[in-house]
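**Student:** Sequence and computational prediction follow.
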Amino acid sequence: MSSEITRLNTVDLYDAHVLNNYGRAPLTLVRGRGARVWDDEGKSFLDFTSGIAVSVLGHCHPKWVQAVQRQAGELIHTSNLFRNPLQGELARRLVARAGPGRLFFCNSGAEANDGLLKLARLHGIRKSGGVEGKCFKVIGAENAFHGRTFGGMSATPQEKIQQGFRPLLDGFSFGKLNDLQSFADLIDEDTAAIFLETVQGEGGINPATPEFLRGLRALCTKHNLLLMLDEVQCGIGRTGAFFAFEHADVRPDAIGMAKGLGGGFPIGAIWISETSAELFQPGSHGSTFGGTPLACAAALAVLDVMEQEDLLARVQQLTPAWHEQLKALVAEFPQHVVGLKGLGYLVGLQMAGDALGWVGKLRAAGMLAPPAGGNVVRLLPPLNATAEELTESVEIFRRVLAAG
Ligand SMILES: *Cc1c(COP(=O)(O)O)cnc(C)c1O
């Protein structure tokens with residue numbers, strides 16, 4: 001089959017049969033290796049989209065491929081009516097990272113966050129002495145993004161996401177990120193939890209400051225609220241720590257994870273601290289596909305490679321020089337670039353105008369990078385990107401900015 005025929009067919013097939021719910025780039029990708037992907041015409045791109053912070057080991061890391069291939073020939077799916085050894089081992093490995101507690105496995109970020117919102121409901125019942133439907137309010141952050149389910153949308157105060165789908169879930173209010181008083185002011189006796197991304201991703205790469213997170217921790221402890229952190233995008237090493245909240249030295253009551261966890265295989269998870277894990281009893285929650293042997297094998301391969309290749313240390317080591325290079329772009333092109341935001345390999349260049357035009361120019365120049373809210377171009381390299389690839393991203397960006 002010639003690549004020309006493949007391309008035409010894919011475009012036609014999408015036009016005819018795939019739901020028209022995405023603003024897609026005019027690009028069909030067919031192959032990936034490391035930090036590079038190829039389209040159906042043989043053109044290669046530096047891939048700093050990483051499937052939206054998913055492909056933490058880059059594409060087709062040999063150890064990940066081997067682990068998935070081996071497990072695919074052994075046992076793929078059993079449901080959660082039975083134990084499988086890989087889910088137990090993955091839970092153990094994540095508890096070692098998150099602290100004493102328990103794991104629930106699901107398939108996506110929104111599903112993880114819906115689990116957290118259900119946890120908040122159960123905590124509210126505990127808090128109000130067994131009364132259902134009274135203490136159920138959740139305080140989130142302005143500009144948040146928590147996913148596209150009804151739970152996720154309800155926690156996402158953005159018109160472009162909520163519009164068309166109301167009425168949403170009740171009981172959400174939103175404080176200003178990094179303004180502790182604005183959160184404190186929203187707490188009342190019916191509040192069950194505070195829920196936010198440790199670093200906002202879709203909303204424009206906005207980190208919660210360590211002081212703010214410590215302040216939220218104290219507020220939650222004082223008012224018997226759960227502190228629930230959405231680490232779906234910022235977790236699994238992306239900021240140079242396994243979880244982004246480690247930078248603030250706080251411990252949440254619950255954590256949502258997904259994107260990077262499977263290195264490209266769909267898997268989500270929630271971790272719940274020991275004192276709240278008991279709120280879920282048999283029958284209270286579930287997921288048919290959650291934590292299959294195959295998904296867990298993929299996630300275990302991610303954790304293994306992160307350790308064997310010391311990827312957290314590598315991100316910490318390469319971050320300062322890369323950020324310096326990116327900041328130079330701000331100095332060189334002040335008419336186009338306003339600033340650099342973010343931590344580690346979760347960064348955004350804040351542009352003077354709409355980001356989407358720049359994303360298209362970068363693509364034409366050979367780099368894939370996704371936009372984020374507030375005129376931000378995101379750069380999400382795989383955690384094992386080389387120093388040369390990081391520099392290449394800056395060079396491509398410089399060429400594009402110089403051309404205007
Ligand atoms: C992507 C994302 C989600 C939603 O994850 P899906 O897997 O798309 O459901 C939720 N929260 C954050 C912070 C995300 O970045």
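**Tutor:** Yep, it's here.
**Student:** which SSE is residue 338 in?
**Tutor:** Take DSSP states H and E as the rule and residue 338 turns out to sit in strand 337-343.
**Student:** does any part of that strand sit near the ligand?
**Tutor:** No - using C-beta under 6 Å from any ligand atom, strand 337-343 stays clear of the ligand, coming no nearer than 13.1 Å. Where C-beta positions appear, they are placed from N, C-alpha and C, glycine not excepted.
**Student:** That strand pairs with which strands, parallel or anti?
**Tutor:** strand 346-351 (antiparallel) (DSSP bridges).
**Student:** which strands and helices sit next to the very next helix or strand once past the strand it pairs with?
**Tutor:** Where DSSP H and E defines the elements, the next helix or strand beyond strand 346-351 is helix 355-364. Counting contacts by 3 or more C-beta pairs under 8 Å, 6 or more residues apart in numbering; DSSP states H and E, helix 355-364 packs against strand 371-372, strand 376-379, helix 387-403.
**Student:** low pLDDT regions in the stretch 301-404 of the chain?
**Tutor:** For the stretch 301-404 of the chain, applying pLDDT under 70 flags no range at all.
**Student:** sorry, back to before: right, so the helices and strands packed on helix 355-364: which one is the most enclosed?
**Tutor:** strand 376-379 (a mean of 26; mean count of other C-beta atoms under 10 Å).
**Student:** need the residues of this protein near the ligand, please.
**Tutor:** Checking the chain against the ligand by C-beta under 6 Å from any ligand atom, the hits are 108-110, 113, 145-147, 197, 201-202, 230, 232-233, 258-259.
**Student:** Most neighbours out of those, which is it?
**Tutor:** residue 230 (32 neighbours; other C-beta atoms under 10 Å).
**Student:** ok, what's across the strand from it?
**Tutor:** Here residue 230 shows beta-bridge partners residue 197, residue 256, assigned using DSSP bridges.
**Student:** check contacts around it.
**Tutor:** With contact set as C-beta atoms under 8 Å, 6 or more residues apart in numbering, residue 230 has these partners: 109, 113, 116, 144, 146, 195, 196, 197, 198, 256.
**Student:** Now tabulate those in JSON lines and tack on distance to residue 78.
**Tutor:** Conversion of the contacts of residue 230 to JSON lines gives the following (distance: C-beta to C-beta, whole Å):
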{"residue": "109", "distance to residue 78": "24"}
{"residue": "113", "distance to residue 78": "25"}
{"residue": "116", "distance to residue 78": "25"}
{"residue": "144", "distance to residue 78": "35"}
{"residue": "146", "distance to residue 78": "30"}
{"residue": "195", "distance to residue 78": "32"}
{"residue": "196", "distance to residue 78": "35"}
{"residue": "197", "distance to residue 78": "33"}
{"residue": "198", "distance to residue 78": "33"}
{"residue": "256", "distance to residue 78": "24"}
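**Student:** Nearest to the ligand among those?
**Tutor:** Comparing these against the ligand with C-beta to the nearest ligand atom places residue 109 closest, at 2.2 Å.
**Student:** Tell me which residues touch that closest one, please.
**Tutor:** Contacts of residue 109 by C-beta under 8 Å, 6+ apart are 146, 147, 152, 230, 232, 233, 256, 257, 258, 259, 268.
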